[in-house]
Structure formats: C-alpha cells, structure tokens
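Student: Fold the following.
(one chain, ligands or ions: 2)
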Amino acid sequence: MHSSERSPFPSSSSSSSSSPSSSSPSSPSGDSPSLPVGSAASPASPAAPSGSRAAAETESVPPALLAYGWSAALAEDFAAHRAAGLVPARLVRVDRGSCEAVTGDGRVRAEFGAEPAADPSAAPCSGDWAALLPGPRPTVQALLPRRTAIVRASAARDSHGQVLAANVDTIVVAVSLATWPDLGRLERLLALAWDSGATPVVALTQADRATDAAEAQEAVRPAAPGVEVLITSAHTGEGVPELAALLTGTVALIGVSGAGKSSLGNALLGAELLATGEVRAGDGKGRHTTVTRELFPLPGGGVLIDTPGLRSVGLHGTAEGVDRVFADIEELAAGCRFADCGHVAEPGCAVLAAVESGELPLRRLLSHRKLSRENEWAASRTDARLRAERAGRLREITRNQRAMYRVRGRKR
Ligand SMILES: Nc1nc2c(ncn2[C@@H]2O[C@H](COP(=O)(O)OP(=O)(O)OP(=O)(O)O)[C@@H](O)[C@H]2O)c(=O)[nH]1
Ligand SMILES: [Mg+2]
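Tutor: Numbering: from 1, shown residues only. Ligands and ions are numbered 1, 2, ... in the order given. Reported below is the predicted structural model:
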C-alpha cells in the first residue's frame, strides 16, 4: 500500500474481520509441527485480561513489528503469552523444521517446539504470528489465532487443507496477458481468495505482450464481479502505481507459474528482491522459479508474500467463496420459482432463462456447477473425517471408563 493517507495495516478492528474456521497453515513438506493455534472465534490462548487492549495500546511496540503489521488486536491475543515470558514474532519464511521470524529485536532463525502435525493445516506457515521463546535457540511455542488464511485442498487430496499463507489482507491474482486469460481458472483462484477472508484484486500482467489488453480486461470483468481488474506490466511499469494504491496490509501474490508474480512483486517492492525465470519456449508455461513463500516489507508500508506458481487449486473452503465469485448467478437465482432451484432443468428457473437470453454465459453457469460440486465434495470429506475422529474419541473414552469401573470393582 503506497498511499500515504492510509495506514499500512488495517486497524485492530478491521484486521479481525474474517475468521477462516478451518484455517491453519502448512508447509508443503508436511513435516511441520503442530502448535497450539486458536481460531479467531475461539483463541487457543487464554482470554486476555480485561483492560489488556488499553495496556497493549499504550505499550511501546518495536518498529520492526509494526512494519510487519503488529496491531492492538494482536497484542491482546498475545497478552497471556507475554505473561509467560514469550515474545511476539511474525514468521517470514517457513523451512523444513525451522523458520525465519521477525521479532521486536530483528530477524532470527527459530525452531519449532512441537512434534510434526498430523493435520498439515495446523503447522506454522508464512505470515503466521507466533509466540517465541527467546534465547540462544529461539523456539516457536504457539501460533496466534489467524485472521485470514489461504487454504487449498491438499495435494494428497485427503480431507485436510493446505495453507498457502496466513493473515493476508489483499490477494493479487496474477493472470498473464501473454495468452488469452483462462476465465475458469481465474474463477477458481478468486473462490480461493474470497474464502481466505482477504480481498482479491486481479492484476492482468505482461500487458506489453498482449494483443489487446483492454479487450482482455473487458472479457475478464464479468468473471470477477466486485473485484478490481487492473492492466499491468512489470516491464513498462503500466498500472503498477494504481495497483499499489489498492493494496493494504499483508499482500499475497497468487497465480500459475509464469504469470509474472515475482516480476510484479519486484515492481511493487521497487527492487529486484525476487527471482524471476523465463517461461518455456514451447507452451509459454513457467518453470516454477519461486519455491518459497517469504514476506518482504513494501516501501510504502505493508508486506508482500510472493508464492510459488500454483499447479492445482483444489477448493477447500465454504460455499461463501464460490457464492461471491458467482454473485451474478446468486442474484439471478433470487428470481427462480423454487427456492432450492438447482438451475438444471427446473421450470421457472431465472438462471437458465438468463443463459437462454444471452445475459449469462453458459460457460459461467457450468463453471459455477463445477466449483460448487467440488466444494461440496471437500466439505463431505471433512465431515467424514470429523465423524471418524469423534468416533475414535468416543472409543477411547469408553475404554477408559471400562478400565475405571474394573478398578473400582476390584476395590469393592
Ligand atoms: N514482457 C514482459 N515479460 C514479463 C513481465 N512480467 C514477467 N515477465 C516475464 O515472464 C517470465 C515469468 O515471470 P516471473 O515473474 O518469474 O513469473 P512467476 O509468476 O513468478 O513464475 P513462478 O515463480 O514460476 O511461479 C519471466 O521471463 C519474466 O521476465 C512483463 O510485464 N512483461
Ligand atoms: Mg515467481
């Protein structure tokens, strides 16, 4: 965010706007530890004592943490950890078994104080706020509740999600104009972005390579209702200040490999801090140059997370993300004769009528169906896992009770 009038990070009240219920982070390695992590609704850390917000606000905060987005709301979440002698830190990069973290005293390498997690989404990831045990071997003891998290279905296609970045405020979905934009893929990325709780922006990249950037922008707009769609070029600088003015807080760049995320990131950072790579000559696909997710402070305030190119984007969210991407269909659906209309062949279906009249592209209706089905499937997998976990816990309780009664029986 380069606009001088606005604060680089949302105020404490707005920063806690969203609560991705299933969210927690992960590293793709799957061997990251599980740390106590709270949800925004029910923080794992004990409730802060009353008046702690006032105390937190008056407390002097090191500029290093402020630059990474420390807020009064986070200070409140952290109060119990502070009482335990821990210090706050933001995880700027997560590696196998350790991470880079920014603390009030600067950047440190920290280890994790827990065993590897069975659920990869319970593991620390870039963007997490953590409670760190300071000392010669700093250790991450707990994660603060996440405000937002970008979660996709795990590559293993099990019922767990994989968190790409935590506590993100703005997501820049990068789509290259070197070829005609794939609208279905964009809708998928936007559903992922909305589900995270952050606000998406579409950056049409590499405009200097486009045949007709304005025509592509017009084609993209209906696939991104309620989302700003900007034409940009990292090479000529077109649209970069306009994009920078829309960014706020923690900004993540997402998109396929070769979309030009890192090049755009460098343009926003004002320095060549991120590695970029040529695309393949044959099919124009990227070579997965970026392999880590790392936070960099933006010159005008806020921080930027570049991410590796997404090979697959399985949805793992609620229906909310899909509903927002297809807000036009949701609006049309209000005019259907049946409240539970599936928009397949029902009489009085306003959505099918809109397809018939040409108001709604059939492609969009089919894309909506596909993403909705995928989300429902992911939700049913999660439900099945939760049921299995509950059944497991019940078996354990029953076993313990039987053992207890046996002991009591012997005593009688
Ligand atoms: N002409 C032109 N080329 C660009 C622009 N942005 C990026 N490129 C080129 O596109 C290729 C891929 O750019 P990257 O920034 O590495 O793409 P990426 O999305 O970060 O790719 P991964 O890290 O693999 O996910 C590089 O050769 C860049 O020089 C642009 O605005 N104009
Ligand atoms: Mg890159």
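
Student: Check whether stretch 273-286 comes into contact with ligand 2.
Tutor: No - applying C-beta under 5 Å from the ion, one finds stretch 273-286 separated from ligand 2 by no less than 6.2 Å. Just so you know, the C-beta spots here come from the backbone N, C-alpha and C atoms, and that holds for glycine as well.

Student: quick one: the strands in this protein?
Tutor: With DSSP state E as the criterion, the chain has strands at 87-94, 98-103, 106-112, 129-133, 139-143, 149-153, 161-166, 170-176, 199-205, 229-231, 250-254, 294-297, 303-306.

Student: now the second one: mean pLDDT?
Tutor: It stands for strand 98-103. Taken as a whole, strand 98-103 carries a mean pLDDT of 96.

Student: Please name every helix or strand in contact with it.
Tutor: In this structure, strand 98-103 packs against helix 63-67, strand 87-94, strand 106-112, strand 129-133, with contacts taken as 3 or more C-beta pairs under 8 Å, 6 or more residues apart in numbering; DSSP states H and E.

Student: how much does the second one deviate in direction from strand 106-112?
Tutor: I take that to be strand 87-94. Here the directions of strand 87-94 and strand 106-112 differ by 80 degrees (axes from the mean of the first three to the mean of the last three C-alpha atoms, to 10 degrees).

Student: Any chance of a markdown table for the helices and strands packed on strand 98-103, columns mean pLDDT?
Tutor: Shown next, in a markdown table, are the helices and strands packed on strand 98-103 (pLDDT from 0 to 100):
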| stretch | mean pLDDT |
| --- | --- |
| helix 63-67 | 88 |
| strand 87-94 | 96 |
| strand 106-112 | 94 |
| strand 129-133 | 96 |
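
Student: How about whichever residue of the stretch 101-250 of the chain sits closest to ligand 2: what's its closest non-neighbour residue?
Tutor: With distances taken as C-beta to the ion, the stretch 101-250 of the chain approaches ligand 2 most closely at residue 174, which sits 9.3 Å away. If you skip the residues right next to it in sequence, residue 174 has residue 255 as its closest partner in space, 3.6 Å away by C-beta to C-beta, 6 or more residues apart in numbering.

Student: what's the neighbour count on the one you found?
Tutor: Other residues within reach of residue 255, judged by other C-beta atoms under 10 Å, total 26.

Student: Ok, residue 407 next?
Tutor: Residues lying near residue 407 (other C-beta under 10 Å) number 9.

Student: now swap in residue 402 and tell me
Tutor: 10.

Student: follow-up on the earlier one: dump the strands of the chain to a markdown table, plus distance to residue 323 and mean neighbour count.
Tutor: As requested, these are exported to a markdown table (distance: least, C-beta to C-beta, whole Å; neighbours: other C-beta atoms under 10 Å):
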| stretch | distance to residue 323 | mean neighbour count |
| --- | --- | --- |
| strand 87-94 | 31 | 24 |
| strand 98-103 | 35 | 22 |
| strand 106-112 | 36 | 15 |
| strand 129-133 | 29 | 24 |
| strand 139-143 | 29 | 22 |
| strand 149-153 | 17 | 27 |
| strand 161-166 | 19 | 28 |
| strand 170-176 | 17 | 26 |
| strand 199-205 | 14 | 25 |
| strand 229-231 | 19 | 20 |
| strand 250-254 | 20 | 28 |
| strand 294-297 | 30 | 19 |
| strand 303-306 | 26 | 27 |
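
Student: Using TSV, lay out those strands together with distance to ligand 1.
Tutor: TSV is the format used below for the strands of the chain (distance: least, C-beta to the nearest ligand atom, whole Å):
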stretch	distance to ligand 1
strand 87-94	15
strand 98-103	19
strand 106-112	23
strand 129-133	26
strand 139-143	26
strand 149-153	15
strand 161-166	12
strand 170-176	6
strand 199-205	6
strand 229-231	10
strand 250-254	8
strand 294-297	12
strand 303-306	7
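
Student: and those strands as CSV, adding distance to residue 325?
Tutor: As requested, these are arranged in CSV below (distance: least, C-beta to C-beta, whole Å):
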stretch, distance to residue 325
strand 87-94, 29
strand 98-103, 33
strand 106-112, 35
strand 129-133, 29
strand 139-143, 29
strand 149-153, 15
strand 161-166, 18
strand 170-176, 11
strand 199-205, 9
strand 229-231, 13
strand 250-254, 14
strand 294-297, 27
strand 303-306, 22
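
Student: Helices of the protein, start to end?
Tutor: 12-15, 52-58, 63-67, 72-83, 183-196, 213-220, 240-246, 261-269, 319-325, 327-333, 350-357, 362-411 (DSSP state H).

Student: how about those helices, which one is nearest residue 298?
Tutor: Of all the helices of the chain, it is helix 261-269 that lies closest to residue 298, at 6.2 Å by C-beta to C-beta.

Student: Residue 239 against residue 228, yeah?
Tutor: No - in this structure, residue 239 is not within contact of residue 228 by C-beta atoms under 8 Å, at 10.7 Å.

Student: what about this protein, any weak spots by pLDDT?
Tutor: Across the chain, the stretches falling below the confidence threshold (pLDDT under 70) are 1-60, 116-117, 154-159, 317, 382-386, 389-390, 408, 411-412.

Student: For it, which residues are neighbours of ligand 1?
Tutor: Residues of the chain lying close to ligand 1 by C-beta under 6 Å from any ligand atom are 205-206, 208-209, 233-235, 255, 257-263, 276-279, 286-290, 308-309.

Student: Spatially central, which residue of the protein would that be?
Tutor: When the chain is reduced to its mean C-alpha position, the closest residue under C-alpha atoms, centre = their mean turns out to be residue 150, at 1.7 Å.

Student: partner residues bridging that one?
Tutor: For residue 150, the beta-bridge partners under DSSP bridges are residue 165.
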